[in-house]
Structures are given as C-alpha cells and as structure tokens.
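[1] coords please:
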Amino acid sequence: MPELTVLDHPLVQHKLTLMRRSKTSTAEFRRLVREVALLLCYEITRDLPLEDIDLETPLEPMRASVLAGKKLCIVSILRAGNGLLDGMLDLIPSARVGHIGLYRDPATLTPVEYYYKVPEDIAERPVLVVDPMLATANSAVAAVERIKRDGPADVKMACLLAAPEGVRRFHAAHPDVPVFTAAVDRQLNDHGYILPGLGDAGDRIYGTR
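    Got it, this is the predicted structure:
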C-alpha cells in the first residue's frame, strides 16, 4: 500500500508497547500518547515547504530556512483525536486547529456529524487529520470526506494503530490520502475493536472506563 507509512522507529515502538499494557495508568497512557504523537508529527511533516530568509547570528549574517506558506491545520476527530493533537502542538505550536465530531447512528451504523469547526482558509493549508484508532475507518472516511468539501489539496491521516480492514476501507474511499501509523495490528473483533490493540483509546486517555 504505497499510501501507508508505518513508523518503525525504536522509540515509537517502545512507547506503543507500554501503551498496550492493560496495567498502564491513565496518566502514563496520556503521556505516552502525547510523546508518540510528537514523533508521528515529526515524520509526517518532513515534506513541509521551506523558504530562505536573511538573518543575523551573534557572529555574522546568513541565509537560513524557515517554513513557507500557510501554517499546517491539524483536524482532530472528537474526542480521542485530542490526545494526539496535544502532542503535535508541542512540536508545531503555530499550527491551526480544527475539530469534527461524529457519532454512529444506532439504526444505520453510519457516522453522523454533530460538530464541525475549522479555519476559514483551510483550503489554502496542508491538513493533518488525527484519530488514535483506524479500526472500521467509518469515522475517518466521513471526516476526510467532509474536510475535502472545503477544498484543501494536501490532506494526510495520522493514527496510533490501524487494522487491515480499516486501512483497506479508508484507501478505497480516499486513495489520495496518505495514512501514517505506529502499527497495523492483526484484525478487528466482532465489536469493531482492533486486536491485539490497546483497548478504547478515548477511554484510556480520559479515564472514563
């Protein structure tokens, strides 16, 4: 899958293993998510455009590179996406932020949008959509579909964990959107959870179960 990147960096894999442990506390889990998000963001943003500017060092003038163009917009799929968002903002504090809220209709099992707020000029920005788990991918597919209606040309997807079923579903709907993840696990269970996985990321980030 050319549009799938699995980060095999030793620090990412080590921290992901610690997150998988059922005995990992809420505070530690939250910290680990934030740290892995920062490392994911480092890899995802390696192709951001640069431009040279003139500046004065303490010793002499020089030309050096800074980010060019509009700042990145990170769009969090509520609520669990905010766990990744925090770590990415540690690395790129000037990034713009959007949020999209979706819930699953109990009758049709399809995602229903209940909240959407992004920068007005999102069409002019590179966009990174974040959600910890790419399981069935229904929410991610719907979120990216909604964001695309606003016209951004550069959209990427980031998650901690993915299931093969979710990756296939996402790429079938959005073959032009690269996916970055720390691991692709074995499969989904009958309830749509990733196996072996790490449980419900939102519940573990916020201590709600």
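[2] Could you use CA atoms for every contact and neighbour count after this?
    Noted.
[3] Can you identify the element that follows the helix or strand harbouring Tyr103 toward the C-terminus?
    Under the criterion of DSSP states H and E, Tyr103 resides in strand 96-104. Next along the chain after strand 96-104, taking DSSP H and E as the criterion, comes strand 111-117.
[4] Just say helix, strand or coil for the closest residue to Glu124 other than its chain neighbours.
    In this structure, Glu124 finds its nearest non-sequential neighbour in Pro152, 6.2 Å apart by CA to CA, 6 or more residues apart in numbering. Following DSSP: H, G, I helix; E, B strand; the rest coil, the label given to Pro152 is coil.
[5] Give me the pLDDT value at Pro152.
    As summarised for this prediction, Pro152 has a pLDDT of 95.
[6] what's the answer for the one 3 residues further on, then?
    Per-residue confidence (pLDDT) for Val155: 96.
[7] who's the residue lying closest to it once chain neighbours are set aside bridged to?
    In space, Val155 comes closest to Val127 once its chain neighbours are excluded; the distance is 4.7 Å by CA to CA, 6+ apart. On DSSP bridges, the residues paired with Val127 through beta bridges are Cys73, Val155.
[8] ok, Val127 - contacts?
    72-75, 152, 154-156 (CA atoms under 8 Å, 6 or more residues apart in numbering).
[9] and what of Pro164?
    With contact taken as CA under 8 Å, 6+ apart, Pro164 is in contact with 184-187.
[10] Is it possible to get the residues you listed out as TSV so that each row also shows pLDDT and distance to Pro132?
    Listed next are the contacts of Pro164 as TSV, based on pLDDT from 0 to 100; distance: CA to CA, whole Å:
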residue	pLDDT	distance to Pro132
Val184	96	12
Asp185	96	13
Arg186	96	16
Gln187	95	16
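[11] quick one: which of those residues sit in strands?
    Per DSSP state E, strands hold the following members of these: 184, 187.
[12] what comes up buried for stretch 79-91?
    For stretch 79-91, the neighbour count (16 or more other CA atoms under 10 Å) marks 79-89 as buried.
[13] and these as TSV, adding distance to Glu56 and pLDDT?
    Below are the buried residues of stretch 79-91 laid out as TSV (distance: CA to CA, whole Å; pLDDT from 0 to 100):
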residue	distance to Glu56	pLDDT
Arg79	44	87
Ala80	43	89
Gly81	40	92
Asn82	38	93
Gly83	38	91
Leu84	36	94
Leu85	34	94
Asp86	33	91
Gly87	31	92
Met88	29	95
Leu89	28	95
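[14] Can you tell me which of those residues end up in helices?
    81-89 (DSSP state H).
[15] Closest one of those residues to Leu195?
    Nearest to Leu195 among these, counting by CA to CA, is Gly81 at 19.7 Å.
[16] Remind me what the lengthiest helix in the chain packs against, helices and strands.
    Criterion DSSP H: the longest helix present in the chain is helix 26-44. Helices and strands touching helix 26-44, by 3 or more CA pairs under 8 Å, 6 or more residues apart in numbering; DSSP states H and E, are helix 10-20, helix 81-91, strand 155-162, strand 179-184, helix 201-206.
[17] between those, which one is nearest to Glu35?
    helix 81-91 (6.0 Å).
[18] how about low-confidence regions in this structure?
    Applying pLDDT under 70 to the chain flags the ranges 1-2, 106, 109.
[19] Right, I'll leave it there.
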